[in-house]
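**Student:** from the sequence below, what's the structure:
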Amino acid sequence: VDVDSGLAAVRELGADTLRLWSSAPAWEMSVTARAGAAKDWSISLENVIAAATLRAVAGDTSLTVTQIESPLPTRKTYRVTLPAGTKTRFTLAPPDRNDTSPWRFALMSDLQEAIVDVNDIYRRMNEVHGLRFLLGAGDLTQQGQEDELSRFRDELAALDIPYYTTLGNHELGDSGPAYQDWYGRANSHFVYRGVHFSLLDSASATIDPIVYDWLDGWLASGRDHVHIVAMHIPPIDPVGVRNGSFSSRNEAAKLLTRLAEGRVDLTLYGHIHSYYSFDNAGIPAYISGGGGAIPERFAQIGRHFLVIDVDPKSGVKSVETVRVD
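**Tutor:** Residues are numbered from 1 along each chain as shown. As a prediction, the model looks like this:
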């Protein structure tokens, strides 16, 4: 099983079953069934857009993919017969994948210990018309332990849209992050409805050197399009009262210079448990850490999420704060 650009994580691979966690609205993968492998397969996908469909092509032949009814809009199961010894290409995509009319998504991060009380936020989010997905800037759990990562998944049953997110410092754990095993890459790039999204792992108050090479390619591909970048810890703390920034000012300048030269349209952050709107090197920036973690003192914002309206032809149109408390 080979998922293009790592935009889905393989959660289970059995004798005739495959289960994946989706990290983007649309992606492709190759599956090769060796000689003697089972022919009839069950493929389960989690964290997908409700309208998305799965297509399969083996060589020049389109395969019949049968969807099995699921009680949750973001989880789907399919049956398909795989020809042995042949590479089958799968494509997951919603029908509006290439639609370039205006659309909207949400942002929420920093749930941490409040994961047990997140259902009312999800219910409020379900009431917002037209949201395609929820974007996250990390700190989904308190310690990144297996039981917490499982609880995060279970609570998503109350949300009608998928949650595409990077990790935060609370997912780093004591013995290496289990986050990637559960939810895939913390650094990723995808395009949906004409808008480029880059999610970066800044959980250690830095960006891994290899990621800068990937980022250069992502910035080049998104330079002439609307491009939104999200990460957990912001390069620069706009307030300066809690050192919520990169550990190196030089690296912060390096990253922001790249983003500015790449004509990024919007930067989104978490980590600071409040709400701030400011500019980064001329790029509009928002910190939204309102998922329920202990709030910044005197912030008076409470739990909240952002609703962001984008027009692929003209840019980010609006950023609205929706208060839950």
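
**Student:** okay, Pro177: pLDDT?
**Tutor:** Note on Pro177: pLDDT of 65.

**Student:** what sits against Ala114?
**Tutor:** By CB atoms under 8 Å, 6 or more residues apart in numbering, the residues touching Ala114 are 291-293, 303. Where you see a C-beta, it was placed from the backbone N, CA and C, and this is true even at glycine.

**Student:** quick one: which of those residues has the most company?
**Tutor:** Gly291 (26 neighbours; other CB atoms under 10 Å).

**Student:** quick check, that one in contact with Leu306.
**Tutor:** No. Shown here, Gly291 and Leu306 do not form a contact pair, counting by CB atoms under 8 Å, at 11.3 Å.

**Student:** ok, now how distant is the nearest residue to Arg323 once chain neighbours are set aside from Tyr179?
**Tutor:** Excluding the flanking residues, the one nearest Arg323 by CB to CB, 6 or more residues apart in numbering is His304, at 4.9 Å. Distance of His304 to Tyr179, given as CB to CB, to the nearest Å: 24 Å.

**Student:** mind checking which of these two has more residues around it?
**Tutor:** Shown here are His304 and Tyr179; by other CB under 10 Å, Tyr179 has more neighbours (27 against 21).

**Student:** now the phi/psi pair for that one, please.
**Tutor:** Note on Tyr179: backbone dihedrals following degrees, to the nearest 10 are phi -50, psi -50.

**Student:** report the contact partners of it.
**Tutor:** 144, 149, 167, 171, 173, 186 are the contacts of Tyr179 under CB under 8 Å, 6+ apart.

**Student:** this structure: helices as residue ranges?
**Tutor:** 119-126, 146-155, 179-183, 209-222, 249-261 (DSSP state H).

**Student:** what's near enough to touch Thr91?
**Tutor:** 26-28, 54-57.

**Student:** buried subset of those residues, written for PyMOL?
**Tutor:** To isolate the buried members of the contacts of Thr91 in PyMOL, using 16 or more other CB atoms under 10 Å:
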select buried, resi 26+27+28+54+56
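
**Student:** could you dump the contacts of Thr91 to a markdown table with pLDDT?
**Tutor:** Below are these laid out as a markdown table (pLDDT from 0 to 100):
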| residue | pLDDT |
| --- | --- |
| Ala26 | 97 |
| Trp27 | 98 |
| Glu28 | 98 |
| Leu54 | 97 |
| Arg55 | 97 |
| Ala56 | 97 |
| Val57 | 97 |
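
**Student:** among the contacts of Thr91, name the ones in strands.
**Tutor:** 27-28, 54-57 (DSSP state E).

**Student:** from those, pick the one nearest Leu134.
**Tutor:** Minimum separation from Leu134 among the ones in strands among the contacts of Thr91 (CB to CB) is found for Trp27, which lies at 17.5 Å.

**Student:** run through the bridge partners of that closest one.
**Tutor:** Leu92 (DSSP bridges).

**Student:** wait, it touches Leu92, no?
**Tutor:** Yes. Under the criterion of CB under 8 Å, Trp27 makes contact with Leu92 at 5.7 Å.

**Student:** what touches both of these two?
**Tutor:** In contact with both Trp27 and Leu92: Ala8, using CB under 8 Å, 6+ apart.

**Student:** quick revisit: show me which of the ones in strands among the contacts of Thr91 is closest to Phe105.
**Tutor:** Trp27 (17.0 Å).

**Student:** contact partners for the closest one?
**Tutor:** 3-5, 7-8, 91-93, 190.
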